[in-house]
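Undergrad: What follows is a predicted structure for the sequence shown.
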Amino acid sequence: MGCCGFNILTENTMKLGLIAMSGVRCYNKELMDYGLTLPGFVERSKVIASLPSLGLLTLAGMTPDDFEMEYVEVPDPDSLGEGLPGEFDVVAISSFTSMIKDAYALADRYRAAGTTVILGGLHVTLMPDEAAQHADIILIGEAEPLWRNILEDLQQGKAKPRYDARGTTFDFAHSPMPRFDLLDISQYNRLTVQTQRGCPFDCEFCAASIRLNPKFRTKPVDRVMAEIHAIKDIWAHPFIEFADDNTFANKRHGRELAEALEGEGVRWFTETDISVADDPELLKALSRSGCAQILIGLESPQLSALSGVEQKTNWKQNQVEHYKDAIRRIQDHGVTVNGCFVLGLDNTDTSSFDAIYEFVDETGLYEVQVTLMTAFPGTPLYQRLLKEGRILQDGAWELCTLFDVNFQPKNMSVQELEKGFRELVGRIYDEDFIDRRRRRFLKRRNEIRQEEAVSTKAS
Ligand code: B12
């Protein structure tokens with residue numbers, strides 16, 4: 001990390017710093033400390049905390065050779081003291097909401113030191129006017145259509161303060177190869193690859209890539225595999241996390257992807273929706289593909305809680321009665337499910353905590369993630385809660401961690417929600433409970449393998 005200053009720069013060479021605001025966050029220190037004592041929670045935090053910024057590596061993949069580049073991670077700007085993480089002519093800083101104030105503070109320091117600052121990413125797209133106060137240049141939306149134009153304009157000294165890619169839908173058939181080679185690979189225990197962007201559904205609270213561009217697109221499988229092969233050049237048997245919104249929303253693409261992964265010696269993890277259980281061919285392909293786990297946003301096991309969450313066709317609520325059967329079918333294929341639940345949905349009350357625990361126990365979900373409903377800026381949820389006077393503090397982006405409460409719940413107090421969350425997390429991440437679910441999964445897997453062996457012999 002830091003500046004590596006001995007290169008001879010030609011007149012046109014610009015030194016570009018790609019600055020990733022990395023790490024995981026929880027504003028409530030008490031909860032963070034408590035979480036860190038829970039074995040299951042620590043396990044997942046350790047795994048994910050070291051992911052690099054795929055957004056910035058993607059920018060790097062589109063950057064011409066006459067830029068000298070360095071990728072730098074800043075987990076905690078306080079750790080920098082008075083200094084800056086490297087000396088650059090221009091820096092590109094990534095933005096998720098929870099760390100945006102740190103990103104702005106760093107941007108302000110770079111600008112004071114004479115460095116040109118470009119801000120882009122999710123939060124900048126959601127709050128462009130706010131971001132523009134801390135940057136020389138902002139990019140709204142996806143970077144692919146406009147990144148090269150920004151760099152060209154910079155080189156010619158005619159860069160504009162604002163570039164807006166929202167009118168353009170980028171075609172993944174032309175996706176750039178992220179520059180995984182810029183990473184010090186020894187620092188990571190998984191790397192991300194994106195296989196699609198957007199989602200056919202439109203959940204009120206969603207703050208992921210549908211806010212960059214609502215169109216659902218898949219990346220051609222040969223391009224995904226080219227990225228995986230580039231990773232394998234620097235890491236023989238990698239663990240890949242697909243940085244997707246909903247990997248298997250398009251079943252044909254999903255089957256093709258799973259089949260292509262078979263025999264690659266790659267273990268992988270992704271996020272998708274429960275309909276994966278409805279495609280027996282896909283499930284079989286998944287079980288052969290090295291898939292370690294799929295994460296599914298179940299949100300709640302209670303029918304009433306899901307009313308209106310998905311805004312187009314109420315899709316989430318329509319699925320809930322199939323949840324148990326679907327989880328069983330997926331896990332019976334040897335693919336573990338990480339079931340995600342959201343606490344504090346409008347149509348829930350304090351009974352929802354026990355309902356989730358009982359559902360987890362009954363279904364034997366291998367892994368569970370519990371987070372709080374969070375109103376991210378720029379989402380329909382934020383607009384609605386603001387209108388209803390239920391945002392606790394407008395602009396408190398540091399609370400957008402999924403672990404902190406930033407709104408007034410409808411049917412309980414903030415304290416009841418915080419207490420219910422803490423207690424449920426304690427019960428879900430209890431070592432014995434985790435152990436019991438894992439043993440149940442393994443026992444079932446062995447039974448199925450034996451049944452399969454018997455039927456193969458018989459035929
Ligand atoms: C991988 C991931 C992580 C990694 C991130 C590693 C990293 N340093 O980037 C880890 C595990 C560390 C992580 C942590 C957190 N995450 Co996270 N994470 C994701 C995930 C699964 C994929 C993100 C991704 O890689 N997308 C692919 C890339 C290519 O897209 P992108 O980053 O948007 O980049 C594109 C554009 O935005 C743009 N761009 C991006 N940066 C820049 C910069 C410049 C200068 C320019 C010009 C353009 C540009 O160019 C790219 C190509 O078009 C998403 C969920 C999802 N499905 O998207 C959640 C998600 C991004 N995470 C989320 C959250 C809440 C968190 C945490 C707060 C959780 C916590 N409590 O700690 C932290 C915050 C981390 C932080 N440092 O700020 C939310 C963020 C919502 C928001 N509006 O902020 C998401 C959307 C999930 C959700 N439930 O809603 N996360």
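TA: On my side now, so go ahead.
Undergrad: Which parts of the stretch 151-300 of the chain are helices?
TA: For the stretch 151-300 of the chain, helices defined by DSSP state H, counting those that start in this stretch occupy the ranges 221-234, 251-261, 280-288.
Undergrad: Indicate which one of these is closest to the ligand.
TA: Comparing these against the ligand with Cβ to the nearest ligand atom, the closest turns out to be helix 221-234 (11.4 Å). In this view, the C-beta of every residue, glycine as well, is placed from N, C-alpha and C.
Undergrad: List the contacts of residue 271.
TA: 242, 244, 245, 246, 247, 294, 295, 296, 297 (Cβ atoms under 8 Å, 6 or more residues apart in numbering).
Undergrad: can you do 10 Å?
TA: 199, 208, 241-248, 294-297, 338, 340 (Cβ atoms under 10 Å, 6 or more residues apart in numbering).
Undergrad: The residue lying closest to residue 166 once chain neighbours are set aside: neighbour count?
TA: In space, and not counting its chain neighbours, residue 166 is closest to residue 141: 4.3 Å by Cβ to Cβ, 6 or more residues apart in numbering. Neighbour count of residue 141, defined by other Cβ atoms under 10 Å: 22.
Undergrad: For residue 141, give me its contacts.
TA: 120, 124-125, 128, 163-170, 211-213.
Undergrad: Distance of residue 177 relative to residue 217?
TA: 17 Å (Cβ to Cβ, to the nearest Å).
Undergrad: which parts of the stretch 351-459 of the chain sit against the ligand?
TA: By Cβ under 6 Å from any ligand atom, the residues of the stretch 351-459 of the chain that approach the ligand are 376, 400, 401, 402, 403.
Undergrad: Need those residues in CSV (columns: neighbour count, pLDDT and distance to residue 387).
TA: Below are those laid out as CSV (neighbours: other Cβ atoms under 10 Å; pLDDT from 0 to 100; distance: Cβ to Cβ, whole Å):
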residue, neighbour count, pLDDT, distance to residue 387
376, 22, 98, 16
400, 23, 97, 19
401, 22, 93, 23
402, 19, 94, 23
403, 22, 93, 25
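Undergrad: just curious, which of these is nearest to the ligand?
TA: The shortest approach to the ligand among those belongs to residue 401, at 3.7 Å (Cβ to the nearest ligand atom).
Undergrad: and the closest one, which of the three is it?
TA: Secondary structure, DSSP: H, G, I helix; E, B strand; the rest coil: residue 401 is coil.
Undergrad: pretty sure it contacts residue 98?
TA: Yes - the criterion here is Cβ atoms under 10 Å, and residue 401 meets it with residue 98 at 4.7 Å.
Undergrad: which residues are common contacts for these two?
TA: With Cβ under 10 Å, 6+ apart, residue 401 and residue 98 have common neighbours 24, 25, 26, 27, 374.
Undergrad: May I ask which of the residues you listed has the most neighbours?
TA: With neighbours taken as other Cβ under 10 Å, the top of these is residue 374, carrying 23 neighbours.
Undergrad: about what we covered before: need the shared contacts of residue 401 and residue 98 in JSON lines (columns: secondary structure, pLDDT and distance to residue 310).
TA: Shown next, in JSON lines, are the shared contacts of residue 401 and residue 98 (DSSP: H, G, I helix; E, B strand; the rest coil; pLDDT from 0 to 100; distance: Cβ to Cβ, whole Å):
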{"residue": "24", "secondary structure": "coil", "pLDDT": "81", "distance to residue 310": "27"}
{"residue": "25", "secondary structure": "coil", "pLDDT": "82", "distance to residue 310": "27"}
{"residue": "26", "secondary structure": "coil", "pLDDT": "85", "distance to residue 310": "27"}
{"residue": "27", "secondary structure": "coil", "pLDDT": "86", "distance to residue 310": "28"}
{"residue": "374", "secondary structure": "coil", "pLDDT": "97", "distance to residue 310": "17"}
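Undergrad: Which member of those is positioned nearest residue 79?
TA: residue 25 (14.4 Å; Cβ to Cβ).
Undergrad: Please give the element, helix or strand, for residue 449.
TA: helix 431-458 (DSSP states H and E).
Undergrad: Nearest to the ligand: which residue in the chain?
TA: Closest point on the chain to the ligand, by Cβ to the nearest ligand atom, is residue 120, at 2.2 Å.
Undergrad: what residues are up against that residue?
TA: 55-56, 59, 92-95, 128, 131, 135, 137-143, 146-147, 150, 163, 165, 212 are the contacts of residue 120 under Cβ under 10 Å, 6+ apart.
Undergrad: Got the phi and psi for it?
TA: phi -160, psi -180 (degrees, to the nearest 10).
Undergrad: Do stretch 89-99 and the ligand come into contact?
TA: Yes - using Cβ under 6 Å from any ligand atom, stretch 89-99 reaches the ligand at 92, 93, 94, 96, 97, 98, 99.
Undergrad: Using CSV, lay out the residues you listed together with neighbour count, distance to residue 307 and secondary structure.
TA: Below are the residues of stretch 89-99 next to the ligand laid out as CSV (neighbours: other Cβ atoms under 10 Å; distance: Cβ to Cβ, whole Å; DSSP: H, G, I helix; E, B strand; the rest coil):
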residue, neighbour count, distance to residue 307, secondary structure
92, 29, 41, strand
93, 29, 39, strand
94, 23, 35, coil
96, 20, 29, coil
97, 23, 26, helix
98, 24, 28, helix
99, 25, 33, helix
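Undergrad: Switch those over to CSV; also include pLDDT and distance to residue 412.
TA: Listed next are these as CSV, based on pLDDT from 0 to 100; distance: Cβ to Cβ, whole Å:
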residue, pLDDT, distance to residue 412
92, 98, 42
93, 97, 38
94, 94, 35
96, 95, 28
97, 97, 24
98, 94, 23
99, 94, 28
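Undergrad: which of these sit farthest apart?
TA: Greatest spatial distance in the residues of stretch 89-99 next to the ligand: 92 and 98, 19.3 Å, computed using Cβ to Cβ.
Undergrad: Now mean pLDDT too, for the helices of the stretch 151-300 of the chain, in a markdown table please.
TA: Listed next are those as a markdown table, based on pLDDT from 0 to 100:
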| stretch | mean pLDDT |
| --- | --- |
| helix 221-234 | 97 |
| helix 251-261 | 98 |
| helix 280-288 | 96 |
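Undergrad: can you list these in CSV and add distance to the ligand and mean neighbour count?
TA: Shown next, in CSV, are the helices of the stretch 151-300 of the chain (distance: least, Cβ to the nearest ligand atom, whole Å; neighbours: other Cβ atoms under 10 Å):
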stretch, distance to the ligand, mean neighbour count
helix 221-234, 11, 17
helix 251-261, 16, 19
helix 280-288, 19, 18
